[in-house]
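> Give me coordinates for this.
(4 chains)
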2 protein chains.
Amino acid sequence: MVQPEFEFLSNHILKRVQLTEEELNFMLSKFKLTKIKKRQFIVQPGFTAKYRNYVCSGAFRAYVVIDNGEDHTIQFAIEDWWITDYNSFFNDQPATMFVVALEDSVILQLSRENEDLLKQANHKYETFFRISAERAQAFHFRQLITNLTQPAEFRYENFLDKYSQIANRVPQYALASYLGMTTEYLSKLRNKRTSKQ
Amino acid sequence: MVQPEFEFLSNHILKRVQLTEEELNFMLSKFKLTKIKKRQFIVQPGFTAKYRNYVCSGAFRAYVVIDNGEDHTIQFAIEDWWITDYNSFFNDQPATMFVVALEDSVILQLSRENEDLLKQANHKYETFFRISAERAQAFHFRQLITNLTQPAEFRYENFLDKYSQIANRVPQYALASYLGMTTEYLSKLRNKRTSKQ
DNA sequence: CGATTTTTTGAATCATATCAACGTACGTGG
DNA sequence: CCACGTACGTTGATATGATTCAAAAAATCG
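Numbering: from 1, shown residues only, chains lettered A, B, ... in the order given. Okay, here's the model as predicted:
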């Protein structure tokens, strides 16, 4: 009998690649279940991001801190999302981002060594990671376009449309910096919006 | 005796994955050499992007057109870069971008069918594409951060530093929209800069 | 509860966009 | 190979979306 956390990940994997039960179990066996407390960091600048993290429950925020002390949210992750500093993880370099838990969370962690082992063990595992990377690539591409081409108000409305479950769960300052605006301005947009309807 | 265009691609591939001569040649045999005239489109909205394109010589520009008619540059590609609408290519959906030649160019095209064939034929080919996707992912990630966190002037200076060969070869309006600003503003930044030194 | 963190509000300011006009370059047809 | 037309780049005046700063209000937490 599998723990529910592994159940989520199983579904996630099987949606992307067809595996036999044996293959699936071998893959799952390489993941480590970890509980993370709110405010705890799972990636920090200076240290290599040793794991790729699949979120079973809870919420995370990845951000960078610029020289002047401002922080900028790069990514959110809730259930069924992955998060890490990929630059650090892939290239075994010190991370440049923080990844912090916004809520008490449960994650499944895959180390770089285990990921390499899987990739070498079976064609299908490699396919899974390739598909993940390709989707992430396409996702960031779209995000880049939106940031480049749309004004702040659209970016906010758009985010509400697509990720309302995230919008309600994360602090406003984190969302503002994710959308590339100040918290004050987001607050004004939000007011304008509620008074309109 | 290999044509020089294939020579470039060989080097590119071998930098990323180790192949025997036979494996390399099989991979190369799946690419089609194509000459593209300046102003010619290799990807257009409405049509599926059938190829992943490796640039041997010349230069390309990928852009989207927003409702109001403005166009926004998403990517440049010169020698030794890849370009296509990945969303379209991976998901076999109509493209949303244009990709147009800025100069007379020579490219090597890999069709989706041939790419799939390669991925299935040999673990190592799949590894190559995975590495490509991972690098692209990390690249877009960094770009996203820069766009989100840095003012226009920095983005311009930064681009000059990192991609001076591109900056000199592409029209100014294309660069401006790539950097997320108007051509007028870029023109002013450029002036300010030259008068400063 | 009090203390800290987060969000809101308003006024002043700044970075960048817009518009319009002009100069320049370049490629195409005669 | 010149001349013309269209595309591209520059400049200045004005407008605006978004930031900054300061302070109050609201929410969260020990």
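> Where does pLDDT dip in chain A?
Residues of chain A meeting the criterion pLDDT under 70: A:1-2, A:68, A:195-197.
> can you map out the helices along it?
Counting by DSSP state H, chain A forms helices over residues A:4-14, A:21-29, A:86-91, A:112-121, A:123-149, A:152-162, A:164-167, A:172-178, A:183-196, given from the N-terminal end onward.
> Which one of those helices lies nearest to A:Val55?
For the helices of chain A, distance to A:Val55 was read as CB to CB. The smallest value, 9.0 Å, belongs to helix A:4-14. C-betas here are computed from N, CA, C, even on glycine.
> Give me the angle between that closest one and helix A:123-149.
Orientation check (axes from the mean of the first three to the mean of the last three CA atoms, to 10 degrees): helix A:4-14 against helix A:123-149 gives 80 degrees.
> one step back: ok, which of the helices of chain A comes nearest B:Ala176?
Checking the helices of chain A against B:Ala176 by CB to CB gives helix A:123-149 as the closest, at 11.2 Å.
> what number of residues lie near A:Ile78?
Residue crowding around A:Ile78 was assessed by other CB atoms under 10 Å in any protein chain shown; the count is 19.
> again, but for A:Phe76
23.
> I'd like the helices of chain A as a markdown table, with distance to B:Ala167 and mean neighbour count appended.
As requested, the helices of chain A are exported to a markdown table (distance: least, CB to CB, whole Å; neighbours: other CB atoms under 10 Å in any protein chain shown):
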| stretch | distance to B:Ala167 | mean neighbour count |
| --- | --- | --- |
| helix A:4-14 | 42 | 16 |
| helix A:21-29 | 45 | 14 |
| helix A:86-91 | 24 | 20 |
| helix A:112-121 | 36 | 15 |
| helix A:123-149 | 18 | 19 |
| helix A:152-162 | 28 | 15 |
| helix A:164-167 | 37 | 13 |
| helix A:172-178 | 29 | 19 |
| helix A:183-196 | 32 | 12 |
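> Now distance to A:Thr73 too, for those helices, in JSON lines please.
Supplementary listing: the helices of chain A in JSON lines, determined by distance: least, CB to CB, whole Å:
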{"stretch": "helix A:4-14", "distance to A:Thr73": "24"}
{"stretch": "helix A:21-29", "distance to A:Thr73": "31"}
{"stretch": "helix A:86-91", "distance to A:Thr73": "16"}
{"stretch": "helix A:112-121", "distance to A:Thr73": "25"}
{"stretch": "helix A:123-149", "distance to A:Thr73": "12"}
{"stretch": "helix A:152-162", "distance to A:Thr73": "12"}
{"stretch": "helix A:164-167", "distance to A:Thr73": "11"}
{"stretch": "helix A:172-178", "distance to A:Thr73": "4"}
{"stretch": "helix A:183-196", "distance to A:Thr73": "11"}
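> Please convert those helices to JSON lines, extending it with distance to DNA strand C.
Below are those laid out as JSON lines (distance: least, CB to the nearest atom of the strand, whole Å):
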{"stretch": "helix A:4-14", "distance to DNA strand C": "27"}
{"stretch": "helix A:21-29", "distance to DNA strand C": "35"}
{"stretch": "helix A:86-91", "distance to DNA strand C": "25"}
{"stretch": "helix A:112-121", "distance to DNA strand C": "31"}
{"stretch": "helix A:123-149", "distance to DNA strand C": "10"}
{"stretch": "helix A:152-162", "distance to DNA strand C": "11"}
{"stretch": "helix A:164-167", "distance to DNA strand C": "11"}
{"stretch": "helix A:172-178", "distance to DNA strand C": "3"}
{"stretch": "helix A:183-196", "distance to DNA strand C": "3"}
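> Among the ones you listed, which comes closest to B:Thr48?
Distance to B:Thr48, taken as CB to CB, is lowest for helix A:123-149 among those, at 14.5 Å.
> Are that closest one and DNA strand D in contact anywhere?
No - among the residues of helix A:123-149, none lie within reach of DNA strand D under CB under 7 Å from any atom of the strand; the closest is 10.7 Å away.
> and the angle for that helix with helix A:152-162?
Counting by the same axes, to 10 degrees, helix A:123-149 points 150 degrees away from the direction of helix A:152-162.
> Can you say which of the helices of chain A is nearest to B:Glu113?
Across the helices of chain A, B:Glu113 has its closest neighbour in helix A:123-149 (16.5 Å, CB to CB).
> Report whether that closest one contacts chain B.
Yes - against chain B, helix A:123-149 shows contacts by CB under 8 Å from any CB of the partner chain at A:123, A:126-127, A:129-130, A:133-134, A:136-138, A:140-145, A:147-149.
> Quick one: distance of that helix to the chain centre.
Here the centre of helix A:123-149 is set off from its chain's centre by 12 Å, with CA atoms, centre = their mean, to the nearest Å.
> Determine the set of other helices and strands touching it.
Helices and strands in packing contact with helix A:123-149 are listed as helix A:21-29, helix A:112-121, helix A:152-162, strand B:71-77, helix B:86-91, helix B:123-149; criterion 3 or more CB pairs under 8 Å, 6 or more residues apart in numbering or on different chains; DSSP states H and E.
> interface residues of chain A facing chain B?
With CB under 8 Å from any CB as the criterion, chain A comes near chain B at residues A:64, A:66, A:70, A:72, A:74, A:86-87, A:90-91, A:119, A:123, A:126-127, A:129-130, A:133-134, A:136-138, A:140-145, A:147-149, A:177, A:180.
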